[in-house]
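**Q** Here is my input, please return the structure:
(2 chains)
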Number of protein chains: 2
Amino acid sequence: MAIGVKALGFSFVAHFLGIAGAVMVLVWSIGFRGGLAWEASNKNLIFNIHPVLMLIGLIIIGGQAIMSYKSLPLNKPEKKLIHLILHAIALILGIIGIYTAFKYHNESNIANLYSLHSWLGLGVIILYGIQWIYGFVVFFYPGGTEPIRSESLPWHVLLGIFVYILAVGTATLGYLEKLTFLENSGLAKYGPEAFLVNFTAIVTILYGTFVILTILSQGPSEDDYSYSAI
Amino acid sequence: MAIGVKALGFSFVAHFLGIAGAVMVLVWSIGFRGGLAWEASNKNLIFNIHPVLMLIGLIIIGGQAIMSYKSLPLNKPEKKLIHLILHAIALILGIIGIYTAFKYHNESNIANLYSLHSWLGLGVIILYGIQWIYGFVVFFYPGGTEPIRSESLPWHVLLGIFVYILAVGTATLGYLEKLTFLENSGLAKYGPEAFLVNFTAIVTILYGTFVILTILSQGPSEDDYSYSAI
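**A** Residues are numbered from 1 along each chain as shown, chains lettered A, B, ... in the order given. Next up is the predicted model:
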């Protein structure tokens, strides 16, 4: 599973898009939506933590974790450790981000878990957790036997790509859902905030695309190239 | 780009999910939403054509086109013709389906092209059209030279997978957008129609997943297996 081009260029584009996406979601939540707060009488400030942590945590840091084998000029054990730690950070930020959505709903008397965004989001975080624990046990500590590792690896890669694409898709559902609520409450459909949110969604999709392109391409050494072959 | 399992089982699951999705979108549009019409004083009946043609056309028939190399026990020239014709049908139904969305908006004085769903949908149909024309010219008639074909094939496969995943993602945005509008107009958030729409979206995602799993797996002959290697 590889295309005959170098991963490094794709990973640089991904880094740039990741920074752009992080800035855009902060401009939206702080500049347009009034900022972030864990406790507040204006419950919207609690909600605002949700898109920030999901994008910067689960999507951007999670994407860096996925690319680490192809984007870093390090040895395999170091890259594995970075892959593991970045995914743990992404997962923890994702869980906190999901918690803030429930916190906002509960403190604002809004129903939980009726939308496709919430259903898929729960599915993503559960699969992400299962994938992390399986990866930790089989590939890190205590580690599976060689046949288990080599049998598991393509499925680990494939399930990881699936969960990541589902996470990016779930994020786009979140942007559309929130923006539709705001537009129903009077926000201009062609105004600057609507364009910012839609373009943040497009940057998110492009970031995910370049993360996947990076891992389908050739890493810094021949060894890495064959490593990720499905 | 292949996993060491047979494609046939995955393709059967995809066929079953495709039939289920087609039935579900018809039950929604006809049973819950009043049916389909090209001309009607109730403009909602014009809209209803949109999800039916996008799901059955672009997603389901498009998915069958993608799988055809791995799911059919035929020779390569026949499979290429089927791939080409099914994608043409998917593209035409997709264009008519998008036209009905504009028709509904225009006849109901609803703004066009402000939502992420509409932006991505336009992107998908344009890329789908470019991909089809490029495939026709290079792989069918008049046909490119051997170096052009072999250089193009992995990118044709990769862009095709990208456009298809984007199409499935755009469809899920459509389900969420329409359901959010209906819920804002009073539809029960946990009622049977809301569940039907959300589960239709989940069946759509699962169909797309099994289409991709089919093409990543081993086709009926060794030749097909190597054919789709990226």
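
**Q** from here on, contacts and neighbour counts on C-alpha atoms
**A** Noted.

**Q** Can you classify residue A:182 by secondary structure?
**A** helix (DSSP: H, G, I helix; E, B strand; the rest coil).

**Q** For residue A:16, see how far away it is.
**A** Distance of residue A:182 to residue A:16, computed by CA to CA, to the nearest Å: 29 Å.

**Q** More neighbours: which of these two?
**A** residue A:182 (15 against 11; other CA atoms under 10 Å in any protein chain shown).

**Q** ok, the more buried one - contacts?
**A** By CA atoms under 8 Å, 6 or more residues apart in numbering or on different chains, no residues touch residue A:182.

**Q** Which positions in stretch A:152-162 come out as buried?
**A** For stretch A:152-162, a neighbour-count test (16 or more other CA atoms under 10 Å in any protein chain shown) marks A:152, A:153, A:154, A:156, A:157, A:158, A:160, A:161 as buried.

**Q** all helices for chain A, in order.
**A** A:7-26, A:44-53, A:62-71, A:76-108, A:116-135, A:146-184, A:192-216, A:222-227 (DSSP state H).

**Q** Can I get the second one in CSV, CA atoms only?
**A** What follows is the C-alpha trace of helix A:44-53 in CSV, where atoms were taken according to Å, rounded to 0.1, in the frame of the first residue of the first chain:
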residue,chain,number,x,y,z
ASN,A,44,-22.0,28.8,25.0
LEU,A,45,-18.5,29.4,26.3
ILE,A,46,-18.5,25.8,27.7
PHE,A,47,-19.5,24.5,24.3
ASN,A,48,-16.7,26.4,22.6
ILE,A,49,-14.1,24.1,24.2
HIS,A,50,-15.6,21.2,22.2
PRO,A,51,-14.6,22.1,18.6
VAL,A,52,-11.2,23.4,19.8
LEU,A,53,-10.3,20.1,21.6
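
**Q** average pLDDT for it?
**A** Summarised as a single mean, pLDDT over helix A:44-53 is 98.

**Q** So which bits of chain A are right by chain B?
**A** A:1-3, A:114-117, A:154, A:169, A:172-173, A:176-177, A:180, A:189-190, A:198, A:201, A:229-230 (CA under 8 Å from any CA of the partner chain).

**Q** returning to what we had before: now flag whichever of the buried residues of stretch A:152-162 is closest to chain B.
**A** Chain B lies nearest to residue A:154 out of the buried residues of stretch A:152-162, by CA to the nearest CA, at 7.3 Å.

**Q** The closest one contacts residue B:5, correct?
**A** No. Residue A:154 is beyond contact range of residue B:5, at 11.4 Å (criterion: CA atoms under 8 Å).

**Q** May I see the buried residues of stretch A:152-162 organised as a markdown table, with pLDDT added?
**A** Formatted as a markdown table, these follow (pLDDT from 0 to 100):
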| residue | pLDDT |
| --- | --- |
| A:152 | 95 |
| A:153 | 95 |
| A:154 | 94 |
| A:156 | 97 |
| A:157 | 96 |
| A:158 | 96 |
| A:160 | 98 |
| A:161 | 97 |
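
**Q** can you list those in TSV and add distance to residue B:75?
**A** Output for the buried residues of stretch A:152-162, formatted as TSV (distance: CA to CA, whole Å):
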residue	distance to residue B:75
A:152	33
A:153	33
A:154	29
A:156	33
A:157	32
A:158	29
A:160	34
A:161	32
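
**Q** Tell me the spatial nearest neighbour of residue A:64, not counting adjacent residues.
**A** Excluding the flanking residues, the one nearest residue A:64 by CA to CA, 6 or more residues apart in numbering or on different chains is residue A:86, at 7.3 Å.
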